[in-house]
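1. Need a 3D model of the sequence below.
(2 chains)
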Number of protein chains: 2
Amino acid sequence: MTTAVKATNVHWHEGDLTRAERFGALKSRGATLWFTGLSASGKSTIAAALEQVLVTRGVHCYRLDGDNIRMGLNKNLGFSAEDRAENIRRIGEVAKLFADAGVVALTSFISPYRKDRDLCRDLHAKATGGALPFLEVFVDTPIGVCEQRDPKGLYKKARAGQIKGFTGIDDPYEAPENPELVLRPATMSVADSVAACLRLLESRGILG
Amino acid sequence: MTTAVKATNVHWHEGDLTRAERFGALKSRGATLWFTGLSASGKSTIAAALEQVLVTRGVHCYRLDGDNIRMGLNKNLGFSAEDRAENIRRIGEVAKLFADAGVVALTSFISPYRKDRDLCRDLHAKATGGALPFLEVFVDTPIGVCEQRDPKGLYKKARAGQIKGFTGIDDPYEAPENPELVLRPATMSVADSVAACLRLLESRGILG
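-> Next up, the predicted model:
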């Protein structure tokens, strides 16, 4: 029986698989693409399109965003300063695990504070077995454009004082100082943004 | 230039990739193998060997264990009853994300309480887009054997009262009632245990 033959073909060595062994056997390399930008800047649209393009090419890729994180892993976190920092820290840790597994992790969160993003970069730099690529992608859409789009009506509520501490209105957005990539959706198509991300991944040897 | 050609070959559809589209394109199916058992029962040895065998075959597989979770994602958790439950909950959520990504997640934690494991099973059952396989593997080694092995000297410390609330000594281990698989390392080789896990994965259609 085929199953029995396959199941008995069992070989391994002592100790953990090295990252090089893993990436070699899987013919894939992990990395984190960290999208950051204002609410409604276009982060999730670009990340979702990039995810589809990569997966369609057979590249293991996974997107972490509000839908699968805030409702799951981080559902016990609120919006206090402490909880926001913990939210980003956990996302950074999970992205690091995905990258370590040989998956391209895409994170799509406003992540407005430089120190929180830098902590996530640092987690990747100090990953067991050597640095894992952490590529910060600044989705640089002017706030006027974001506010005009306002697909969820959040800017409107923030202006009306119904939401407090809203990034760009009454809470700061600290733009990245040295991002690996800057995208400007106000003047770039989604296809152009996705292509720029693919070129970044190719230039770092993450795509074959 | 090859890079430019590849980067402009950008096609996607509106909305999220479905799980079926993802698993089809990646030719892989995600699942969680949840190893549970006493300290020194052999969970990590089996999980590490299985991980190597799967990765060597080109199957994206990733092991979550004390080394990469307690030092990272869950480093802000202690050993209170509340923190232990939160530890297992977060691991269940992360395993679910891996499974959703098309990766075989192996979790290797004592996870002594039935209700914590059942919560993780439930998270998988209720995953967005339909159930993800959650396969509980009971590593059933008699406590006498575990205590004799005691590679980290933990049983000795627990018997001496230097560690409180140690599973099997002064804290209960609630054995699974309906695990998908039972392994008995006291009378089975690691190769046999790995083969049994492979057969389970094959029987569920997770390995092609």
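
2. any idea how far the nearest residue to A:Trp12 once chain neighbours are set aside lies from B:Gly66?
-> Among residues not flanking A:Trp12 along the chain, B:Gln52 sits closest, at 3.9 Å (CB to CB, 6 or more residues apart in numbering or on different chains). The way it works is simple: take the backbone N, C-alpha and C, and place the C-beta from them, glycine included. Applying CB to CB, to the nearest Å, the value for B:Gln52 to B:Gly66 is 18 Å.

3. Pick out the residue closest to the middle of chain A.
-> Centroid-nearest residue in chain A, with CA atoms, centre = their mean: A:Thr107, separated by 1.7 Å.

4. I figured it hits A:Ile91, correct?
-> Yes. At 5.7 Å, A:Thr107 and A:Ile91 qualify as touching, with contact defined as CB atoms under 8 Å.

5. Overlap in contacts, these two.
-> Common neighbours of A:Thr107 and A:Ile91, using CB atoms under 8 Å, 6 or more residues apart in numbering or on different chains, are A:Leu64.

6. Tell me where chain A has helices.
-> A:2-8, A:19-26, A:43-56, A:66-68, A:81-100, A:114-125, A:143-149, A:154-159, A:190-203 (DSSP state H).

7. and the angle from the last one to helix A:43-56?
-> Pointing back at helix A:190-203 there. Between the axes of helix A:190-203 and helix A:43-56, defined by axes from the mean of the first three to the mean of the last three CA atoms, to 10 degrees, the angle is 60 degrees.

8. hang on, the earlier thing: compare B:Gln52 and B:Gly66 and say which is more crowded by neighbours.
-> More crowded of B:Gln52 and B:Gly66, by other CB atoms under 10 Å in any protein chain shown: B:Gln52, with 24 against 13.

9. Contacts only, for the more buried one.
-> B:Gln52 neighbours (CB under 8 Å, 6+ apart): A:12-13, A:17.

10. Narrow those to those that are buried.
-> Burial by neighbour count, 16 or more other CB atoms under 10 Å in any protein chain shown: within the contacts of B:Gln52 this picks out A:12, A:17.

11. Just put the contacts of B:Gln52 in JSON lines and tack on pLDDT.
-> Formatted as JSON lines, those follow (pLDDT from 0 to 100):
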{"residue": "A:Trp12", "pLDDT": "78"}
{"residue": "A:His13", "pLDDT": "78"}
{"residue": "A:Leu17", "pLDDT": "91"}
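
12. that older thread, for the residue nearest to the centre of chain A, which residues make a bridge with it?
-> A:Trp34, A:Leu64 (DSSP bridges).

13. Quick check: A:Gly165 vs B:Glu82, distance?
-> 28 Å.

14. and A:Phe35, how many neighbours?
-> Neighbours of A:Phe35 (other CB under 10 Å): 29.

15. so it touches A:Ile110, yeah?
-> No. The pair A:Phe35 and A:Ile110 does not pass the contact test of CB under 8 Å, sitting 9.5 Å apart.
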